[in-house]
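# 3D model of this:
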Amino acid sequence: MTDRIARLRDKMQSIDLQGYLVSAPVEDTFHTHAANRRYLSGFTGSMGWLLITNEQAFVIVDFRYVEQAGNECPGFTVFKAVGGIGKWLPQIVGEAGLSAKRIGFAPADLTVDTFQTAKKAIDSMPEADRPKLLSAPDIVSGLRAIKEPGEIEKLQRAVDVGDAAFEAVSPRIEPGWTEKQVAWEIEKHAKESGAENLSFPTIVASGPHSAMPHAQPRDHAIEAGVPIVIDMGVIVDGYCSDLTRTIVIGEPDDKFHQIYDIVLTAQRTAEESVTTGMTGDEAHMLAHNVIAEAGYGDNFGHGLGHGVGMLVHEAPRIAKTAKDTLTDGMVATVEPGIYLTGWGGIRIEDMVVFENGKARVMSHAPKLMVNPLSS
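Just a heads-up that it's a prediction; the model follows:
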């Protein structure tokens, strides 16, 4: 974590901050909101704050987490908070030597109510001691976008566990299985194989239901010959995976082959042609142009991809309006799709890591799976 704190301090200096507050907008019971806090400190508790100064690093927790923070956060001073931020903020400002200094925070880390409480606490301090609490860029998310080698190894393990769950369950699906049953079988296999949890609730959508990109699984029996979109991910060692495959049981119709071929061509074109230095919108258009030239541009309405790390959606964005610059060390999805109301949808998604200026595919689950009907 020491190198991460050093990089954060460099960024703080560049925008004239002497302190930086890191937290989460809500209690992080399911580990989906406090990635910045965990990334910098290693702390996995549901509530807590970090305060980083040019020379010190504090982890601020209530009595429930004092021992845990001491074990998980080497190099940090554990500050036991009593009461809410309105009580402890003036105390930590004095202890950290930040009186009359500039303290930044990422707006996404604080609710309006928490910010107002913090401002009121600062206003109650003697005027000469009051720090300036400033909305600042989300520095930590920017640091997280460039993965360290150890992070890429953890991401690959998550990809492998997710791929294995898909490969174990998808050949067993037969007419009469419900979408919810498929989702449960995937979750069960993943957790039995080492996943801590799912990255997000598994999407299983068949037939016309699959025309909705984020459809939720139903108690609906899957039929033969229709597209089945399975979008799934797992968490291993605190890092996420994200995979989508579209399959069919039995013999698909001609439209399935036609649409699948367009989507697969768009995905391969993007994966083979994308380079570092491109912006997110330039990368998106690599796939979008293939789909548009085939006459389905209006049926591919979402972005081509997004970063994956401690959260399943993080920087960079790869979409029609995204200006993030792709850089070696980033990990992202490539997931074009075509969605036709009344018929269904097809989406194919891999995770890739940018190395030596190009995208290396991390996902290895098979594509174009056409399951024979059970005899």
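# how about residue 342: what's its closest non-neighbour residue?
residue 208 (5.6 Å; CB to CB, 6 or more residues apart in numbering). From N, CA and C alone the C-beta is placed, and that goes for glycine too.
# number of nearby residues for residue 98?
Residues within reach of residue 98, counting by other CB atoms under 10 Å, total 20.
# I figured it was touching residue 21, is that so?
No. Applying CB atoms under 8 Å as the test, residue 98 and residue 21 come out as separate, 10.1 Å apart.
# could you check the distance from residue 157 over to residue 237?
Using CB to CB, to the nearest Å, residue 157 is found at 6 Å from residue 237.
# I should have written residue 199 there, sorry.
13 Å.
# any residues in contact with both of these two?
residue 158 (CB atoms under 8 Å, 6 or more residues apart in numbering).
# and stretch 351-361, average pLDDT?
What stretch 351-361 shows for mean pLDDT is 98.
# so which bits of that stretch are buried?
351-354, 359 (16 or more other CB atoms under 10 Å).
# okay, now residue 245: neighbour count?
24.
# surely it and residue 166 touch.
Yes. Between residue 245 and residue 166 there is a contact at 6.3 Å, judged by CB under 8 Å.
# which residues do those two both contact?
Between them, residue 245 and residue 166 share the contacting residues 230, 365, judged by CB under 8 Å, 6+ apart.
# show me where this structure has helices.
For the chain, the helices defined by DSSP state H cover 2-14, 35-41, 66-72, 85-95, 112-123, 139-145, 149-169, 179-192, 254-273, 280-293.
# point out where the protein drops to low pLDDT.
369-375 (pLDDT under 70).
# ok, 80 please
Within the chain, the ranges that satisfy pLDDT under 80 run 1, 369-375.
# re earlier: neighbour-wise, which of residue 157 and residue 237 wins?
It is residue 157, of residue 157 and residue 237, that has more neighbours when counted by other CB under 10 Å, with 17 against 14.
# now the more buried one, nearest residue through space, not along the chain?
Going by CB to CB, 6+ apart, residue 157 has residue 236 as its nearest residue, at 4.8 Å.
# same deal with residue 279?
Residue 279 sits nearest to residue 323 (CB to CB, 6+ apart), 5.3 Å away.
# one more: residue 47?
residue 27 (5.5 Å).
# wait, isn't the one you found in contact with residue 48?
No. Counting by CB under 8 Å, residue 27 sits too far from residue 48 to count as a contact (10.0 Å).
# same drill for these two, tell me which one is more crowded.
residue 48 (28 against 12).
# next up, the contacts around the more buried one.
Here residue 48 is in contact with 23, 34, 37, 59-62, 65, 69 (criterion: CB under 8 Å, 6+ apart).
# what does residue 140 give?
So, once contact is read as CB under 8 Å, 6+ apart, residue 140 ends up touching 8, 22, 36, 39-40, 106.
# adding neighbour count and distance to residue 342, write those residues out as a markdown table.
As requested, these are exported to a markdown table (neighbours: other CB atoms under 10 Å; distance: CB to CB, whole Å):
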| residue | neighbour count | distance to residue 342 |
| --- | --- | --- |
| 8 | 23 | 51 |
| 22 | 26 | 47 |
| 36 | 25 | 43 |
| 39 | 22 | 44 |
| 40 | 24 | 48 |
| 106 | 19 | 43 |
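# can you name the residues in contact with stretch 106-120?
Residues outside stretch 106-120 that contact it (CB under 8 Å, 6+ apart): 21-26, 36, 84-86, 89, 133, 135-141.
# just the buried ones from these?
21-25, 36, 85-86, 89, 133, 136, 138-141.
# burial check on residue 10, number of neighbours?
For residue 10, the neighbour count with other CB under 10 Å is 11.
# same question, residue 112
When neighbours are defined as other CB under 10 Å, residue 112 has 9 of them.
# what does residue 364 give?
Residue 364, neighbours per other CB under 10 Å, totals 12.
# list the contacts of the nearest residue to residue 123 once chain neighbours are set aside.
Among residues not flanking residue 123 along the chain, residue 130 sits closest, at 7.0 Å (CB to CB, 6+ apart). Residue 130 makes contacts with 99-100, 122-123, as judged by CB under 8 Å, 6+ apart.
# can I see the domain layout of the protein?
2-144, 146-371 (automatic domain parsing).
# surely residue 77 and residue 53 touch.
No. Under the criterion of CB under 8 Å, residue 77 makes no contact with residue 53, lying 10.5 Å away.
# now do the same contact list for residue 172.
Contact partners of residue 172, counting by CB under 8 Å, 6+ apart, are residue 185.
# hmm, 6 Å instead?
Not one residue lies near residue 172 by CB atoms under 6 Å, 6 or more residues apart in numbering.
# centroid-nearest residue for the protein?
Nearest to the geometric centre of the chain sits residue 312, at 2.1 Å (CA atoms, centre = their mean).
# residue 242 is in contact with that one, correct?
Yes. With contacts counted by CB atoms under 6 Å, residue 312 reaches residue 242, the gap being 5.5 Å.
# quick one: stretch 329-341 to chain centroid distance?
Mean C-alpha position of stretch 329-341 versus that of the full chain (CA atoms, centre = their mean, to the nearest Å) differs by 14 Å.
# which residues touch that stretch?
Here stretch 329-341 has contacts from 145-147, 155, 211, 242, 244, 259, 263, 266-267, 270-271, 287, 296, 299-300, 305-308, 316, 318, 345-347, 349-354, using CB under 6 Å, 6+ apart.
# now do the same end-to-end measure for that stretch.
By CA to CA, to the nearest Å, the extent of stretch 329-341 from end to end equals 38 Å.
# ok, now stretch 354-365?
19 Å.
# quick one: residue 221 from residue 306, how far?
Counting by CB to CB - residue 221 and residue 306 are separated by 32 Å.
# neighbour-wise, which of the two wins?
residue 306 (22 against 12).
# any idea how far residue 156 is from that one?
18 Å.
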